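**Student:** Starting from these lines, generate the structure:
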Amino acid sequence: MEEIAKKVEQILVEKLYIAPTEVTPDANLIKDLGIDSLDYAELVMEFEQTFDIRIPDSDAEKLVTVQQTIDYISEKVAAKSA
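**Tutor:** Next comes the predicted model:
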C-alpha cells in the first residue's frame, strides 16, 4: 500500500503542478488541491492506466480525499491480484 500511496502522490504532484507537501492524506481533492471536473477526469484515467484498474464514474464521485483515493485503489489492486 505504501507503494500505491507514493505513486498516487506522484501523479497528483505531476498532473496538478503542486508541491508534494500539499498532498496530505486528509487533503480534499477539490477544496484543498483545487481540481476541477476536467482535472478529475484526467486523474481518474491516469489512475486507471497506472494501476491497470477500472474506476466506474459512480465510484470516482466518492473519492473526495487523497486517503480515500489511496484506499480505493489499494482495494481494486488487491482484488485484481486475488
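**Student:** so which strand or helix has the spatially most central residue of the chain?
**Tutor:** Centroid-nearest residue in the chain, with Cα atoms, centre = their mean: residue 69, separated by 4.5 Å. Applying DSSP states H and E as the criterion places residue 69 in helix 66-81.
**Student:** Of all the residues in that helix, which ones are buried?
**Tutor:** Neighbour-count burial for helix 66-81 flags 66, 69, 70, 71, 72, 73, 74, 76, 77 (criterion: 16 or more other Cβ atoms under 10 Å). Just so you know, the C-beta spots here come from the backbone N, C-alpha and C atoms, and that holds for glycine as well.
**Student:** Name the nearest residue to the last one, ignoring sequence neighbours.
**Tutor:** Excluding the flanking residues, the one nearest residue 77 by Cβ to Cβ, 6 or more residues apart in numbering is residue 51, at 5.5 Å.
**Student:** and the one you found, what does it touch?
**Tutor:** If a contact means Cβ atoms under 8 Å, 6 or more residues apart in numbering, then residue 51 has 4, 7, 73, 76, 77 as its contacts.
**Student:** Report the separation between it and residue 39.
**Tutor:** Computed with Cβ to Cβ, to the nearest Å, the distance linking residue 51 and residue 39 is 18 Å.
**Student:** try residue 25
**Tutor:** 19 Å.
**Student:** Ok, residue 82 next?
**Tutor:** 31 Å.
**Student:** Looking at those two, which is more packed in?
**Tutor:** Using other Cβ atoms under 10 Å as the criterion, residue 82 and residue 39 rank with residue 39 on top: 16 against 5.
**Student:** With adjacent residues omitted, what lies nearest to the more buried one?
**Tutor:** Nearest non-adjacent residue to residue 39, counting by Cβ to Cβ, 6+ apart: residue 16, 6.5 Å away.
**Student:** was I right about the one you found contacting residue 33?
**Tutor:** Yes - applying Cβ atoms under 8 Å, one finds residue 16 in contact with residue 33, separated by 5.9 Å.
**Student:** For the contacts of residue 51, work out which two are farthest apart.
**Tutor:** Greatest spacing in these, by Cβ to Cβ: 7 and 76 (13.2 Å).
**Student:** buried set for the helix or strand where residue 39 lies?
**Tutor:** Using DSSP H and E, residue 39 sits in helix 37-51. For helix 37-51, burial by neighbour count (16+ other Cβ under 10 Å) applies to 39, 43, 44, 47, 51.
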